[in-house]
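Q: Provided below for reference: sequence and predicted model.
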Amino acid sequence: MKRTMMLLDFGKESRRIRNLLVTGRTFALLSFSSTLFFILIGLAGMAHQQSTADPVNSMKGFAASVSSGFFGDMLEMEMPAFQSSGESGSLSSKQISKFLIRALTDINPNDPKSLLAGELPGMSANDAFLIRQGIGTDTAIGPEDNTPILSEPNTGTSIGSEGSEGSEGSEGATDPGPLPTTPATDAPSQGPGDEPSEPTTGGENVVFIYHSHNRESWFPELTEKMKDPNSTTTNITLVGKRLADKLEEEGVGALHSKTDYPTAIKDYRWELSYKYSMKTVKEAIASSKKLKFFFDLHRDSQKRKYTTIDIKGKSYAQVYFIIGHKNPNWKENEEFATQIHEALEKKYPGISRGIWGKTAATGNGEYNQSLASDSVLIEIGGVDNTLEESYRTADALAEVIGEIYWEDAKVTAPNTKGNAS
């Protein structure tokens, strides 16, 4: 019988094993490095998205997502000396669920688009968002600014001329006249030769009111059969005039532009509205150096259930303050809007829907607000509100704007009596 001899070359086998181990370590190291790289990229992307896109995960965004009373209660738990003036509130299970989903996943349950926003570049980085919330505001429903559906025939009636300061214009506008709203507090009776006890700007205009979309109207006010709530007669310019008149009653000189851009501008284009109104504002500033506050009044396109509030048995058109984040100094404009928002909420709880931030991706993004820090766009009511409800809101705005102006005047000119510049 033949014997078969098998010789094992330990040196050769050991080299083979060492080579295998070296190859395995290299593969493991490369795999670990790749995994770590992608994890870091993912974390950096999440951090960037959290800091730029969704305000819910910031403290300001959280404050905007809950009621002022609930947030005040939370602050009281951490700061015993802090006393909240807001009405205590609680979060429903539905609100808690929505907030947790948004905080953990960046997905807004009320906005299906947000499901794709995290995966498709460019969908979420420039979203509009709620900066400050009004009492009872639905955070998922923002202001809407729709392009007119129907172009009205050019009647040849010019409602003012572009940039003309103090132009009366709008001859066709129908003003129903004074409404039975609560008048401002009567000034004490004065004898002949007595100095006025109420402050006044002494004939100087310090507030400028204008309308980039001057034909915005309301369905209940339209007399003609129109599909589009834009009217050359009864429109948002009447609310601007009401606000100016009421500010005058507060002693605050106000200038109102009723420029009808569709007839004042040759080859008018709706999408260039803010370009046209910017010229109006610049010309007003150039001709009146005393102007301090600037308001671009609009009518929102949302339905009545989102734009109406009952206060003490009367219905008011709610307001939304719009801040353009394309303006590099938008925080100054936000501070001004916050002053008005908080003053309104104190006197007329629920009348303000809040402050809404917009970028160029969700609108004009600037809204002429770079021209002055005390400038803000105000949406008053929606397509289903009435002129009477909008007038009530204009009266409330005039009341708080007047108070803010005179408070600022005291700070900037403490020794001035009577007239304020």
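A: In hand now; what should we look at? Residues are numbered from 1 along each chain as shown.
Q: which residue ranges form the helices in this protein?
A: Here the chain has its helices, by DSSP state H, at 10-52, 59-65, 68-78, 93-105, 114-117, 236-249, 261-264, 273-287, 304-307, 330-347, 387-412.
Q: residues contacting G240?
A: G240 is in contact with 209-211, 256-258, 295, 297, counting by C-beta atoms under 8 Å, 6 or more residues apart in numbering. The C-beta positions use only the backbone N, C-alpha and C, and glycine is treated the same way.
Q: give me that answer again for 6 Å
A: Listed by C-beta atoms under 6 Å, 6 or more residues apart in numbering, the contact set of G240 reads 209, 211, 256, 297.
Q: how much space between it and F32?
A: The gap separating G240 from F32 is 66 Å, by C-beta to C-beta, to the nearest Å.
Q: Please apply the same query to A396.
A: 64 Å.
Q: How about I311?
A: Here the criterion is C-beta to C-beta. By it, I311 lies 63 Å from F32.
Q: got it, and A409?
A: Distance, A409 to F32, by C-beta to C-beta: 67 Å.
Q: who has more neighbours, the two?
A: Higher neighbour count among A409 and F32: A409, with 19 against 10, using other C-beta atoms under 10 Å.
Q: for this structure, what helix or strand is lowest in average pLDDT?
A: One helix or strand of the chain scores below all others by mean pLDDT, DSSP states H and E: strand 129-133, with a mean of 49.
Q: and the closest residue in space to N385 that isn't next to it in sequence, bridged to which residues?
A: Spatially, and ignoring its direct neighbours in sequence, N385 is nearest to A317 (4.3 Å; C-beta to C-beta, 6 or more residues apart in numbering). Bridge pairing for A317 (DSSP bridges) gives the partners T308.
Q: mind listing what A343 touches?
A: V400.
Q: buried ones in stretch 320-337?
A: Neighbour-count burial for stretch 320-337, counted by 16 or more other C-beta atoms under 10 Å, picks out 320-327, 330, 332-334, 336-337.
Q: Tell me the one among those residues nearest to R25.
A: Nearest to R25 among the buried residues of stretch 320-337 is H325, at 51.2 Å by C-beta to C-beta.
Q: just to revisit the earlier point, I'd like the buried residues of stretch 320-337 as CSV, with pLDDT and distance to T280 appended.
A: CSV is the format used below for the buried residues of stretch 320-337 (pLDDT from 0 to 100; distance: C-beta to C-beta, whole Å):
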residue, pLDDT, distance to T280
Y320, 93, 22
F321, 95, 20
I322, 92, 18
I323, 92, 20
G324, 90, 17
H325, 88, 23
K326, 89, 19
N327, 90, 18
W330, 92, 21
E332, 94, 21
N333, 95, 18
E334, 93, 23
F336, 95, 20
A337, 95, 21
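Q: Most widely separated two among these?
A: Across the buried residues of stretch 320-337, the longest distance by C-beta to C-beta is 19.1 Å; it joins Y320 and E332.
Q: State the mean pLDDT of stretch 349-366.
A: Averaging pLDDT along stretch 349-366 yields 81.
Q: what do you get for stretch 288-299?
A: What stretch 288-299 shows for mean pLDDT is 94.
Q: got the contact list for that stretch?
A: Stretch 288-299 is contacted from outside by 204-213, 216, 236, 239-240, 285, 372, 374-375, 377-379, 381, using C-beta under 6 Å, 6+ apart.
Q: how many neighbours does the nearest residue to L371 once chain neighbours are set aside have?
A: Spatially, and ignoring its direct neighbours in sequence, L371 is nearest to V281 (5.6 Å; C-beta to C-beta, 6+ apart). By the criterion of other C-beta under 10 Å, V281 has 23 neighbours.
Q: what does M278 give?
A: Per other C-beta under 10 Å, the neighbour tally for M278 reads 19.
Q: Now rank the contacts of G240 by neighbours and give me the top one.
A: Going by other C-beta under 10 Å, H211 tops these with 28 neighbours.
Q: tell me the contacts of that residue?
A: Applying C-beta under 6 Å, 6+ apart to H211 gives the contacts 236-237, 240, 297.
Q: and with 7 Å instead?
A: Counting by C-beta atoms under 7 Å, 6 or more residues apart in numbering, H211 touches 236-237, 240, 296-297.
Q: Okay, it and F293: tell me how far apart.
A: Applying C-beta to C-beta, the value for H211 to F293 is 15 Å.
Q: what does T233 give?
A: Distance of T233 to F293, given as C-beta to C-beta: 28 Å.
Q: likewise G357?
A: In this view, G357 and F293 are 20 Å apart by C-beta to C-beta.
Q: What values do phi and psi take at the residue nearest to P262 when sequence neighbours are not counted?
A: Leaving aside its sequence neighbours, P262 sits nearest to Y268 (C-beta to C-beta, 6+ apart; 4.8 Å). With angles defined as degrees, to the nearest 10, Y268 sits at phi -50, psi 140.
Q: measure Y268 to Y261 for me?
A: Note on Y268: its distance to Y261, by C-beta to C-beta, is 6 Å.
Q: Give me the more crowded residue out of these two.
A: Between Y268 and Y261, counted using other C-beta under 10 Å, the more crowded position is Y261 (23 against 15).
Q: Show the contacting residues for that one.
A: Contacts of Y261 by C-beta under 7 Å, 6+ apart are 162, 214, 268, 273, 276.
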